[in-house]
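A.B. asks: Kindly return the folded structure for what I paste below:
(one chain, ligands or ions: 1)
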Amino acid sequence: MPIRRVVALSLILSLLSLPVLGQNGNTDLLARIRKEAMEHSQIMKTMHMLTDVYGPRLTGSPNHKNAAEWAIKQMTAWGLENGHLEPWDFGHPGWLNERLSAHIVSPVKDPLVCEALAWTPGTKGTVTAKAVQVILPERPSQDQLNIFFSGQKSRVKGKIVLVGKQTIVPVNLNPPAKRTSDEQAQQRFGPNARPFAFPTPSPTPTPDPNAPKPLTNAQIAEQLDLFLRDNGAVVRVNDAGREFRQIRAFNNRTFDVDKAVPTVVMSNEDFGRITRILADGTEVALEFNIVNKVYPEGTTSYNTVAEIPGSDKADQVIMLGGHLDSWHAATGATDNAIGCAIMMEAARILKTLGVKPRRTIRVALWSGEEEGLLGSIAYVKEHFGSFEAPKPGYEKFGGYFNIDSGTGRVRGAGVFGPPEGASIMREILAPFKDDGVVGAVASRSRALGGSDNTSFSQAGLPGIGMGQDPIEYNSNTWHTNLDTYERILEDDVKKNAMVVAWSAYQLATADTLLPRFSNSDMPARPPETAAAQPSTPKAKPAPKKVPISRRRGRR
Ligand SMILES: [Zn+2]
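C.D. replies: Numbers count the residues shown, from 1 in each chain. Prediction:
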């Protein structure tokens, strides 16, 4: 074959094999996005502000609002428009722990590692008292609990009360892998991904119909707090139940400082030491000074919103987001300042490159996620409604990208909708094969849980959850006192911003919106379940994507 014909033929072939999205000068755009993301990144500066300067960002706290206002200012400075805080009704005051010191003062003197439980009161100065341990009966009925409490009244008066036995945390000889292997990523997001199945709950034993009905954990917790308050306990101490002095401190379930005594979650090692000294029959004295503040104005919280307006389809919206609120034991870096920083950065990249998306690209940084996805649920309800009760914005919504699994690089996406939607996402993500991105899988689940993308999928809208390498998320940083700036892998998160910037732009520029389920194929909305409270001090790490009814904490 003459050389010229070979060249012509191979040119035709290469044109034919170009992905649809490779046309329109998109290949060049991809290179520009990559360069901007990797060489001019602002992510670590954003992370510094959100964590070091404004963290922790508990919903309703002034820290959260200050972080939100800074984010609006920063996004506006990058050229995003319509930046504003969008109020929603949290219904609880804000709360902040400003100071906490904890010491064993007898029979030895040593500092103790503790975190305050959110929405509990402070100590009104330094308090010193003897420690007692109170071990509740297992699964008590109301009668059994009443009898137990009446026997404990005189024990707890004027005392610092350690609640429960120490959790024995075995030495872990098999630490989990930090990266998902390529094989695992393929199984989860590849073309032949195994359909996602929720873990089957272990069968509950059939209760003896004549036995008294055991109370729920929530009922026991609430009654125990009132018992301690009404009988003059000075401080309540919970066991963190985790290794290496890790602490996850959540909240008093009532969100009401008047319904509890000052409460801390103590490192498992300190809790164990005190337990063992008490078991020797030796008296132990502890000293605490806890300053907690309540902010009544926190009953209104805010989602943080800014956008790049579209052109000919500006009324259609593609959204990207993460939750800006955090727990309070650390500065909430991997959960989830990083999700916010990545989405802000993705928008910054697109704005800096001066691309003109046809649809509006909107960044939303939620609050109230940790208390039950509250901010994103309120936003979806207000702007889009749901499949069952649509608002005008419902039909014009094109997809919501969510990042909330820590610092690891993105390995794939879960897309709520019919298989055709996941196929489009798979094609969009194809250029990132060498960066470890494997593909996309379709999801039919409208169960609420995991993270804010499920507020969209519950409404029947295309929520897109990005799956990531675990790194240290489930093992060390998720909801713990170790969740700080230092835990961020800069190279991974820069790449994540690149992947999201590209993907959001593709959805914002395609001829049509992501396909939805037809009316007849839309999965039924699962029955409302009472949002689980993330307050149990010994909450175990929940597996990914477990519905809220079975979870004790949000992502
Ligand atoms: Zn989270």
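
A.B. asks: number of nearby residues for F416?
C.D. replies: Residues within reach of F416, counting by other C-beta atoms under 10 Å, total 29. Every C-beta, even on glycine, is put in place using the N, C-alpha and C of the backbone.

A.B. asks: That one: what's it in contact with?
C.D. replies: By C-beta atoms under 8 Å, 6 or more residues apart in numbering, the contact list for F416 reads A442, S443, R444, S445, R446, N453, F456, S457, L461, P462, G463, I464.

A.B. asks: Scan these and report the most crowded one.
C.D. replies: When neighbours are counted by other C-beta under 10 Å, N453 leads the contacts of F416 with 32 neighbours.

A.B. asks: Distance check, it against the ion.
C.D. replies: If you measure N453 against the ion using C-beta to the ion, to the nearest Å, the figure is 11 Å.

A.B. asks: gap between that residue and G467?
C.D. replies: N453 is 11 Å from G467, where distance means C-beta to C-beta, to the nearest Å.

A.B. asks: helix, strand or coil for the residue of the stretch 401-550 of the chain found nearest the ion?
C.D. replies: Proximity to the ion, evaluated over the stretch 401-550 of the chain using C-beta to the ion, is greatest for D404 at 4.4 Å. Per DSSP: H, G, I helix; E, B strand; the rest coil, the secondary structure class of D404 is coil.

A.B. asks: For the residue nearest to it when sequence neighbours are not counted, grab the count of nearby residues.
C.D. replies: Nearest non-adjacent residue to D404, counting by C-beta to C-beta, 6 or more residues apart in numbering: S451, 3.9 Å away. Residues within reach of S451, counting by other C-beta under 10 Å, total 27.

A.B. asks: doesn't S451 fall inside a strand?
C.D. replies: No - in this structure, S451 is coil, not part of a strand, as judged by three-state DSSP.

A.B. asks: Which phi and psi values does it adopt?
C.D. replies: Phi and psi for S451, reported as degrees, to the nearest 10, are phi -160, psi -170.

A.B. asks: cool, G158 as well?
C.D. replies: Phi and psi for G158, reported as degrees, to the nearest 10, are phi 70, psi 10.

A.B. asks: how near is it to the ion?
C.D. replies: Using C-beta to the ion, we find G158 at a distance of 39 Å from the ion.

A.B. asks: okay but that residue is in contact with L228, surely?
C.D. replies: No - counting by C-beta atoms under 8 Å, G158 stays clear of L228, with 11.6 Å between them.

A.B. asks: Looking at those two, which is more packed in?
C.D. replies: Set side by side, G158 and L228 show more neighbours around L228, with 25 against 13, by other C-beta under 10 Å.

A.B. asks: residues in contact with R229?
C.D. replies: Counting by C-beta under 8 Å, 6+ apart, R229 makes contact with K259, A260, V261.

A.B. asks: Quick check: neighbours shared by N453 and G467?
C.D. replies: With C-beta under 8 Å, 6+ apart as the test, N453 and G467 both reach G414.

A.B. asks: still on that earlier bit, could you identify the buried members of the contacts of R229?
C.D. replies: With neighbours counted by 16 or more other C-beta atoms under 10 Å, the contacts of R229 contain buried members at K259, A260, V261.

A.B. asks: so E243 touches I168, yeah?
C.D. replies: No - using C-beta under 8 Å, E243 is not in contact with I168; the gap is 10.8 Å.

A.B. asks: where's D335 relative to the ion, distance?
C.D. replies: Counting by C-beta to the ion, the gap from D335 to the ion is 4 Å.

A.B. asks: Now do the same for I3: its pLDDT.
C.D. replies: Here the pLDDT value assigned to I3 is 48.

A.B. asks: again with P19
C.D. replies: The per-residue confidence score, pLDDT, reads 43 for P19.

A.B. asks: Same check on P212?
C.D. replies: pLDDT for P212: 81.

A.B. asks: That one and I147 touch, don't they?
C.D. replies: No - using C-beta under 8 Å as the test, P212 is too far from I147 to be in contact (11.5 Å).

A.B. asks: gap between the residue nearest to D404 and K159?
C.D. replies: 40 Å.

A.B. asks: So, low pLDDT: which residues of the stretch 201-350 of the chain?
C.D. replies: 201-205, 207 (pLDDT under 70).

A.B. asks: what do you get if the cut-off is 50, keeping everything else the same?
C.D. replies: Counting by pLDDT under 50, not a single residue of the stretch 201-350 of the chain qualifies.

A.B. asks: Can you show me the helices along it?
C.D. replies: Remark: helices assigned in the stretch 201-350 of the chain by DSSP state H, counting those that start in this stretch are 217-230, 268-279, 338-353.

A.B. asks: among those helices, which is the most enclosed?
C.D. replies: Ranked by average neighbour count under the criterion mean count of other C-beta atoms under 10 Å, the helices of the stretch 201-350 of the chain are headed by helix 338-353 at a mean of 26.

A.B. asks: Check whether it comes close enough to the ion to count as a contact.
C.D. replies: No - judged by C-beta under 5 Å from the ion, helix 338-353 makes no contact with the ion; its nearest approach is 7.1 Å.
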